[in-house]
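Undergrad: give the three-dimensional model of this entry:
(one chain, ligands or ions: 1)
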Amino acid sequence: MGLPLVRPFRTSFGTSTEKVCILARVETDHAEGWGECVADLEPDFSAEWNGSAWGAITEFLAPALFRAGDVAAKDLEGVFAFVRGNRMAKATLVNAVLDAELRERGVSLGAYLGAQRERVACGVSIGITDTTDALRAQVDGYLGEGYQRIKLKIEPGLDVERVEAIRAAHPGILLSVDANAAYTLADADVFRRLDDSALLMVEQPLHFEDIAQHASLQRQLRTDLCLDESIRGAADAAAAIELGACRIVNVKQGRVGGVLEARRVHDVCRDAGVPVWCGGMLETGIGRATNLALAAMPNFTLPGDTSASGRYFPEDLTEPFVLAPDGTIGVPAGPGIGASPLPDRLESCTLRRETLRP
Ligand code: NPG
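TA: Modelled structure (predicted):
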């Protein structure tokens, strides 16, 4: 058993009841660093999953890191370039090595990335519920806690009416939907109907490889489309924007190969006048600390999915991240990601451990 979730999280591709992830702890002569892999138990959100990430790290990436010797984090992407894809696995080590480097220098990840705020605006992503009443109750609860934006997961058949019910109950809130690629262009009518609900955005309606189809759908809608799964890095972001496939981008550092590439995605979008926000993958406090630093960069102008620890876990792996009543969470100010696993907590939920040496 991994970390139990406070409630099951259902998306159009499946239901999660626990969090099981790989954590990399790198040790240098001077410091340790932590990186959390965002892959999950199954290859459903993306092609990567815990088994593939474990294999990529132990068989290819860690040996390449050791062969490279005294390598700086900024050069790691080059060291890993011989491995195609496997971005979640690469992100784990890039982030961990960068964390160690920054801890040694006494610099916070936020400062390193050019973060411009000490607190970030937080939204919450709500899984598909059995009933509309249950959804309304969850929305009310999260708004009461202060969350600044509500995102509803949708799937075919559980979309327009659900959204209309929430919009009717809360006319003024920032509201968005996320389809996790569950629709095709033949469903365009669903999204035309959603145009009347004044959504902040519709996230990833179509298959992740359907960039041209997203552009076609965007031309038919007033509501902004946002891409998540489709954006594997800065080049994808530039192409999607140029083709008119989206007007907003969800940046998940784990999905694009780590915080260094995430910064490039941020920059490409900023230069094109496209706002970004920080996505989430039900991360523990390690990944959450990383995301909070990223979300403090200037072009993260929309509230992200960086919710408080208590929204996910009865007990986090780190000291919990807490939402202030104004709907913000503080960016860790300590060196590196500014958070570490609580040793007893980590020990009690570790399922498998492997030590790799040069
Ligand atoms: O708050 O961390 C969070 C979850 C936000 O909805 C969320 N994540 O499709 O973006 C997503 C979804 C997700 C969760 C995807 C887990 C994959 C795994």
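Undergrad: could you say what helices and strands the helix or strand hosting residue 294 packs with?
TA: Assessed by DSSP states H and E, residue 294 sits inside helix 285-295. If you count contacts as 3 or more CB pairs under 8 Å, 6 or more residues apart in numbering; DSSP states H and E, helix 285-295 packs onto strand 32-36, helix 109-113, helix 253-256, helix 259-272, strand 276-278. Yep, even glycine has a C-beta here, placed from its N, CA and C like the rest.
Undergrad: okay if I get these as a markdown table plus mean neighbour count?
TA: Formatted as a markdown table, the helices and strands packed on helix 285-295 follow (neighbours: other CB atoms under 10 Å):
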| stretch | mean neighbour count |
| --- | --- |
| strand 32-36 | 24 |
| helix 109-113 | 21 |
| helix 253-256 | 28 |
| helix 259-272 | 21 |
| strand 276-278 | 27 |
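Undergrad: so which of these is nearest residue 355?
TA: strand 32-36 (13.1 Å; CB to CB).
Undergrad: is the next helix or strand after that closest one positioned near the ligand?
TA: Where DSSP H and E defines the elements, the next helix or strand beyond strand 32-36 is helix 50-56. No: applying CB under 6 Å from any ligand atom, one finds helix 50-56 separated from the ligand by no less than 11.7 Å.
Undergrad: now do helix 50-56, average pLDDT.
TA: Taken as a whole, helix 50-56 has a mean pLDDT of 98.
Undergrad: what helices or strands is it leaning on?
TA: Counting by 3+ CB pairs under 8 Å, 6+ apart, helix 50-56 packs on helix 87-105.
Undergrad: can you give me the helices for the stretch 151-300 of the chain?
TA: 160-169, 188-194, 211-219, 234-243, 253-256, 259-272, 285-295 (DSSP state H, counting those that start in this stretch).
Undergrad: below-threshold pLDDT in the stretch 151-300 of the chain: ranges please.
TA: In the predicted model, the stretch 151-300 of the chain carries no residue with pLDDT under 70.
Undergrad: so which bits of the protein are right by the ligand?
TA: Residues of the chain found near the ligand (CB under 6 Å from any ligand atom) are 11, 40, 45, 125, 178, 180, 228, 279-282, 305, 307.
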